[in-house]
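[1] just to be clear, the model below is a prediction. Sequence and coordinates:
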Amino acid sequence: MSASSLPPAPARMSSPAWGLYRGALLQGPDTPRHIVAAQRRKRWLYVGVCAKESVLGAAVADLGFAANAFAYVGPLDGRPARQWKVVAAPWQVRVDRRSAQWRSGAQELSIALPEGANPGRLRASLRGADGPIDLDVALTTTAPDAAVTCVAPARPGAADRWNLTTKDNTLRAKGTARWGADALDL
């Protein structure tokens with residue numbers, strides 16, 4: 001099944017409408033009002049970049065009761081991958097529908113996904129065990145309507161708990177990644 005054969009994603013979804021959709025939702029569900037429901041809500045953005053010599057990834061996650069952020073570079077020549085990660089308080093992250101940010105003092109990891117003709121960006125300024133980590137990667141879409149959104153129940157018969165995910169494998173990455181003394185040109 002190709003993305004073009006799917007119905008378009010609705011502009012807003014406040015209650016679940018199970019299925020697969022072409023494109024990303026313009027506005028997702030509201031944050032639950034009571035504290036227990038809000039702590040069950042989990043949101044994250046992850047970007048993975050495949051280059052000729054390495055893979056690079058970064059994510060920011062809001063887990064409701066805690067937060068997490070990580071970045072990694074994995075060389076494809078057999079050398080070990082480098083990684084940076086932090087478990088943080090939930091107020092140290094912000095995760096929206098198309099952007100996410102973790103910040104602590106001068107350290108920052110931010111992700112902004114492309115929105116229509118507007119490019120996105122993956123940026124990081126971190127201090128890792130292997131030296132400073134600097135990422136500056138522009139993300140552009142090559143096929144604006146190729147993203148696929150899936151809405152599914154979190155557990156059978158539970159209309160009040162549902163999962164929503166959007167996957168977009170049509171992004172192009174261009175920029176640099178520096179980790180200690182190593183530099184990767186994307």
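    On my side now, so go ahead.
[2] so which residue is dead centre in this structure?
    Centroid-nearest residue in the chain: Leu45, 1.8 Å away (criterion: C-alpha atoms, centre = their mean).
[3] surely that residue touches Ile111?
    Yes: here Leu45 reaches Ile111: they are 4.8 Å apart, a contact under C-beta atoms under 8 Å. From N, CA and C alone the C-beta is placed, and that goes for glycine too.
[4] where does pLDDT dip in the protein?
    Applying pLDDT under 70 to the chain flags the ranges 1-3, 26-40, 144, 157-160.
[5] how many residues are close by the nearest residue to Leu126 once chain neighbours are set aside?
    Residue nearest to Leu126 in three dimensions, not counting chain neighbours: Ile133, with 4.1 Å by C-beta to C-beta, 6 or more residues apart in numbering. Using other C-beta atoms under 10 Å, Ile133 is surrounded by 23 other residues.
[6] ok, now Arg155?
    When neighbours are counted by other C-beta under 10 Å, Arg155 registers 8.
[7] one step back: can you list residues touching both of Leu45 and Ile111?
    Overlap between the contact sets of Leu45 and Ile111, as judged by C-beta atoms under 8 Å, 6 or more residues apart in numbering, is given by 59-60, 99-100.
[8] Leu135 touches Arg121, doesn't it?
    No: applying C-beta under 8 Å as the test, Leu135 and Arg121 come out as separate, 9.4 Å apart.
[9] more neighbours: those two, which one.
    Comparing Leu135 with Arg121 by neighbour count (other C-beta under 10 Å), the higher total belongs to Leu135, at 26 against 17.
[10] just say helix, strand or coil for that one.
    What DSSP: H, G, I helix; E, B strand; the rest coil gives for Leu135 is strand.
[11] how about Ser5, phi and psi?
    Dihedral angles of Ser5 (phi, psi; degrees, to the nearest 10) stand at phi -90, psi 0.
[12] assumed Asn169 was part of a helix.
    No: under three-state DSSP, Asn169 sits outside any helix and is assigned coil.
[13] what's near enough to touch the nearest residue to it once chain neighbours are set aside?
    Spatial nearest neighbour of Asn169, excluding adjacent residues (C-beta to C-beta, 6+ apart): Ala146 at 7.5 Å. Contact analysis of Ala146 by C-beta under 8 Å, 6+ apart lists 3, 22, 168-170.
[14] done for today, thanks.
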